[in-house]
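Trainee: Have a look at this prediction, sequence included:
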Amino acid sequence: MNLDDLIQQVRGEAPLDRLSSAMTVKADLDDLADSLIGHFVDQARRAGHSWSEIGAAMGVSKQAAQQRHTSERPSRRDRERGHRLPVFTRFTGRARAAVREADDAARRLQHDEIAAEHLLLGILAVPQSIGAQVLTGMGVDRDSLLGAVPRGAAGVEHRRRLPFAPSARSIIEGALAEALQLGHNYIGTEHLLLAVFRETGTVASKHLDAAGVTRARVLTDVIQRVKAAS
């Protein structure tokens, strides 16, 4: 993405309208950059690297790295209590409904966290959404996906709200990137669906691959449907 690409995302007829729109694009990019750095900080921590090593790689002190990525990002306990990612403020009503349906699907399958396959099930549970229409138009239905997802052990004790697995967090954060690439100032089910392809090896990606659904096909269909709806 270069400056010309960013300029194309700015909307408005008057100069001040375009300036306001540019500030929104900047905020989106700031969110995306924070998510990008946080993603790789999490990877480094899971690989066993110390905060001193992480700080050195970032060009900041150990204390600065630790404070930034433990105070600004929700803790596991917070996520388990239902705290959501900042990008949810940009979700459309149908995208929010898809996430709620994903939570419900995880519970019904006796799983203790929301993963990529639950998000895909959630999208399909909102039939009026662009994401669901793209999937059903390509022959993907919710029942077949349900049959491909292994059930968890009976009697799993569910929290009030389930936490997101790493695959689901990556998809939700990736949806913002997909929206930016398409020049959209919102995050819809279509962006969630496109972001599913960023996480390979999941039940969701394998199911789509088996059905012959590729990112290129989805992107073409999404662009056509969004254009027709505008």
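Mentor: Perfect, thanks for sending it. Residues are numbered from 1 along each chain as shown.

Trainee: confidence score at Ala229?
Mentor: Reported pLDDT at Ala229 in the predicted model: 78.

Trainee: which residues are in contact with stretch 186-193?
Mentor: Contact with stretch 186-193 is made by 87, 90-92, 94-95, 98, 119-120, 123, 126, 129-132, 134-135, 171-172, 175-176, 178-179, 182, 184, 218, 222, 225-226, as judged by Cβ atoms under 8 Å, 6 or more residues apart in numbering. Just so you know, the C-beta spots here come from the backbone N, C-alpha and C atoms, and that holds for glycine as well.

Trainee: can you tell me the average pLDDT over that stretch?
Mentor: Mean predicted confidence for stretch 186-193 is 93.

Trainee: again with stretch 26-38
Mentor: 69.

Trainee: mind listing the helices for this structure?
Mentor: Taking DSSP state H, the helices of the chain run over residues 3-8, 15-46, 51-58, 62-71, 76-80, 93-108, 116-124, 130-137, 142-148, 166-181, 189-196, 203-210, 215-229.

Trainee: Run a quick neighbour tally on Asn185.
Mentor: Asn185 has 13 neighbouring residues, counting by other Cβ atoms under 10 Å.

Trainee: Can you read off the pLDDT for the residue nearest the centre of the chain?
Mentor: What sits nearest the mean C-alpha location of the chain, by Cα atoms, centre = their mean, is Ile172, with 1.2 Å. For Ile172, the model assigns a pLDDT of 90.

Trainee: That one and Glu199 touch, don't they?
Mentor: No - Ile172 is beyond contact range of Glu199, at 10.7 Å (criterion: Cβ atoms under 8 Å).

Trainee: Gly108 and Ala125: what is the separation?
Mentor: Careful, residue 108 is Arg; it's not Gly. Arg108 is 11 Å from Ala125, where distance means Cβ to Cβ, to the nearest Å.

Trainee: the more surrounded of these two?
Mentor: Neighbour count, other Cβ under 10 Å: between Arg108 and Ala125, Ala125 has more, with 17 against 13.

Trainee: ok, for that one, nearest residue in space, not its chain neighbours?
Mentor: Nearest non-adjacent residue to Ala125, counting by Cβ to Cβ, 6 or more residues apart in numbering: Glu101, 3.8 Å away.

Trainee: Quick check on the contacts of stretch 186-193: which are buried?
Mentor: 87, 90-92, 94-95, 98, 119-120, 123, 126, 129-132, 134-135, 171-172, 175-176, 178-179, 182, 184, 218, 222, 225 (16 or more other Cβ atoms under 10 Å).

Trainee: Map the structural domains onto the sequence of this structure.
Mentor: For the chain, the structural domains run 1-73, 85-230, going by automatic domain parsing.

Trainee: Least confident of these, on average?
Mentor: Minimum mean pLDDT among the domains of the chain: domain 1-73, a mean of 76.

Trainee: Off-centre distance for that one?
Mentor: Centroid displacement of domain 1-73 relative to its chain, using Cα atoms, centre = their mean, to the nearest Å, is 16 Å.

Trainee: Next: stretch 140-151.
Mentor: The answer for stretch 140-151 is 20 Å, by Cα atoms, centre = their mean.
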